[in-house]
Every structure is written in C-alpha cells, then in structure tokens.
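Asker: Test case, fold it:
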Amino acid sequence: MISGRCPICSKPYSVAGLDELPSFPFCSERCRLVDLGRWIDGDYAIPEKGPAKDDLELLPDDADESD
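Answerer: Numbering: from 1, shown residues only. Next comes the predicted model:
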C-alpha cells in the first residue's frame with residue numbers, strides 16, 4: 001500500500017501500487033502539469049552552490065594588477 005499527499009494540492013491518496021496512480025507522486029495529471037509549468041516558468045530553482053571560501057582565496061586578484 002502506498003499512501004501520501006499530492007505536493008501540489010495536498011489531496012491524500014492511498015493506492016495498492018503505482019499502476020493505480022500513473023501520475024505519482026501527484027494525485028492527477030492536472031497536478032503533474034501544474035508542477036511542470038512551475039518548473040518551466042522558473043518558480044522552482046535548484047540553488048547553485050558557489051565556490052568554497054578556501055577556493056576564493058586561491059583565485060588571482062585581477063583588481064590589484066596594473067599594466
């Protein structure tokens with residue numbers, strides 16, 4: 001038994017297997033498409049991890065060089 005809540009509308013679901021819920025982890029095709037649209041619109045973003053502080057110290061400082 002698989003049970004949970006839709007991440008879009010929070011509707012609870014409980015199914016015997018994934019065959020009964022082809023849009024898993026969403027409760028419906030509509031919620032799946034809403035989620036896809038949010039990714040496409042840029043509402044969701046995976047944060048980019050910047051360089052570590054130690055790595056910044058190793059970078060050359062171009063501002064101090066004069067030609």
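Asker: looking at this, G37 is in a strand?
Answerer: No. Under DSSP: H, G, I helix; E, B strand; the rest coil, G37 sits outside any strand and is assigned helix.
Asker: Next, find the distance separating it from E20.
Answerer: 25 Å (Cβ to Cβ, to the nearest Å). From N, CA and C alone the C-beta is placed, and that goes for glycine too.
Asker: cool, and I40?
Answerer: Using Cβ to Cβ, I40 is found at 28 Å from E20.
Asker: same deal with S28?
Answerer: The gap separating S28 from E20 is 13 Å, by Cβ to Cβ.
Asker: Could you check which of the two is surrounded by more residues?
Answerer: Taking neighbours as other Cβ atoms under 10 Å, S28 and E20 compare with S28 leading, 16 against 11.
Asker: Tell me the spacing between that one and K49.
Answerer: 34 Å.
Asker: Kindly report the same for F26.
Answerer: For F26, the distance to K49 equals 28 Å [Cβ to Cβ].
Asker: quick one, which of these two is more surrounded?
Answerer: F26 (21 against 6).
Asker: who's in contact with the nearest residue to E29 once chain neighbours are set aside?
Answerer: What sits nearest to E29 in space, not counting adjacent residues and going by Cβ to Cβ, 6 or more residues apart in numbering, is S23, at 5.2 Å. For S23, the contact set (Cβ atoms under 8 Å, 6 or more residues apart in numbering) comprises 29, 31-32.
Asker: S23 in helix, strand or coil?
Answerer: Using three-state DSSP, the three-state assignment for S23 comes out as coil.
Asker: quick one: pLDDT of it?
Answerer: S23 is assigned a predicted lDDT (pLDDT) of 91.
Asker: For it, what are phi and psi?
Answerer: The phi/psi pair for S23 (degrees, to the nearest 10) reads phi -100, psi 20.
Asker: So what's the residue count around C9?
Answerer: 12.
Asker: quick check, it in a helix?
Answerer: No. Going by three-state DSSP, the assignment for C9 is coil, not a helix.
Asker: Identify the residues contacting the closest residue to it other than its chain neighbours.
Answerer: Ranked by Cβ to Cβ, 6+ apart and with sequence neighbours excluded, the top spatial neighbour of C9 is C31, at 5.7 Å. Counting by Cβ under 8 Å, 6+ apart, C31 touches 6-9, 23.
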